[in-house]
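A.B. asks: coordinates only, no sequence provided:
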């Protein structure tokens, strides 16, 4: 039987207008700590070793599940409630999600999202 293992990193693309609510929830309610912030992203640590990278952008809700043309080789799934999660290998370098390292090309991801919005 196959097993599922959840790692200690997560990255989400969220609406820009939700930044204050996200910070309040993850920091004030759950006790997280912002490890790094810039105008486009927040990196939050929960507990000793769980990190979430929040990429803020112009996100629209369609109510539909569809394949996005995002330049990323990972598999994604949508959890109940709508949160999309990415599956990564246990040996991948995930330092980007801790606020270090270059990580994915944010400009390419944003461009793919804009193209998807135009197709709607």
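C.D. replies: That came through, no problem. Here the structure is a predicted model, which is why all the values come from computation and not from measurement.
A.B. asks: burial measure for residue 25, as a count.
C.D. replies: Residue 25: 13 surrounding residues under other CB atoms under 10 Å. Every residue, glycine included, has its C-beta placed from N, CA and C.
A.B. asks: next, it: phi, psi?
C.D. replies: phi -70, psi -50 (degrees, to the nearest 10).
A.B. asks: do you know the pLDDT at residue 35?
C.D. replies: Note for residue 35: predicted pLDDT of 95.
A.B. asks: any idea how far residue 72 is from it?
C.D. replies: Residue 35 sits 23 Å away from residue 72, going by CB to CB, to the nearest Å.
A.B. asks: also residue 110?
C.D. replies: On the measure of CB to CB, residue 110 and residue 72 end up 13 Å apart.
A.B. asks: kindly report the same for residue 119.
C.D. replies: 18 Å.
A.B. asks: also residue 109?
C.D. replies: For residue 109, the distance to residue 72 - CB to CB - is 7 Å.
A.B. asks: please apply the same query to residue 113.
C.D. replies: 12 Å.
A.B. asks: so between the two, which is more surrounded?
C.D. replies: For residue 113 versus residue 72, neighbours defined as other CB under 10 Å are more numerous around residue 113 (19 against 14).
A.B. asks: just checking, what packs against the helix or strand hosting residue 11?
C.D. replies: Here residue 11, judged by DSSP states H and E, is contained in strand 9-15. Secondary-structure packing of strand 9-15 (3 or more CB pairs under 8 Å, 6 or more residues apart in numbering; DSSP states H and E): strand 50-57, strand 84-87.
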